[in-house]
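Enquirer: the following comprises the amino acid sequence and a computationally predicted model.
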Amino acid sequence: MADIVTPAKRSEMMSGIKGKDTKPEIRIRKLLFGLGYRYRIGSKHLSGRPDIVLPKYNAIIFIHGCFWHGHELCNLFRMPKSKKEFWSKKISGNIIRDEISIARLQEEGWRVCTVWECALKGRNRLKEEKVTNALVNWIESDSSALNIRGKKERK
């Protein structure tokens, strides 16, 4: 299927997609702040530029968009049908970069949590209290990693 907008319009639309301070990031930050957790954002000196850093708990939280980070079997991720080679290379590069960043952070002694966009929005989102409980339990634990995903995955 051909794109229904011009290449210039598509470029304009894509350039408007935010890379930081996204709605899911702000939602998690407000949730944590409301519970009394204090954190840092935009830590450029750490591998992968984590979205949220909780130094007191030696914990890092990434909030990943399902499309941009290639969340397989997720209803919010579909590989585009046009420019397949470009998108495949772009998304697989993001996945590899994520894996390397998480491994480096864990080698440095950080605990890493990934909150996927599908846990916060869409038809398979989790209830906010479930996300909150999972995050709080993980932050207060010694567990090295956590992935928070939506309820069910695409078949």
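Expert: Looks like it arrived, so ask away.

Enquirer: what ranges do the strands span in the chain?
Expert: All strands of the chain, identified by DSSP state E, fall at 52-54, 59-64, 111-116, 145-148.

Enquirer: mean neighbour count and distance to Lys90 added to these, as a markdown table?
Expert: To be clear about C-beta, it is placed using only N, CA and C from the backbone, and glycine gets the same treatment. Below are these laid out as a markdown table (neighbours: other C-beta atoms under 10 Å; distance: least, C-beta to C-beta, whole Å):
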| stretch | mean neighbour count | distance to Lys90 |
| --- | --- | --- |
| strand 52-54 | 21 | 25 |
| strand 59-64 | 24 | 15 |
| strand 111-116 | 22 | 18 |
| strand 145-148 | 16 | 22 |
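
Enquirer: out of those, which comes closest to His45?
Expert: strand 52-54 (9.9 Å; C-beta to C-beta).

Enquirer: quick one: contacts for Ser88?
Expert: Ser88 makes contacts with Met79, as judged by C-beta atoms under 8 Å, 6 or more residues apart in numbering.

Enquirer: returning to that earlier point: quick one: which of the strands of the chain is nearest Lys89?
Expert: The nearest among the strands of the chain, by C-beta to C-beta, is strand 59-64 at 18.4 Å.

Enquirer: export that closest one to CSV, keeping only CA atoms.
Expert: What follows is strand 59-64, C-alpha atoms only, in CSV (Å, rounded to 0.1, in the frame of the first residue of the first chain):
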residue,chain,number,x,y,z
ALA,A,59,18.1,1.8,39.9
ILE,A,60,17.5,2.9,36.4
ILE,A,61,14.2,3.0,34.5
PHE,A,62,13.8,3.0,30.7
ILE,A,63,10.4,3.8,29.2
HIS,A,64,10.3,2.3,25.8
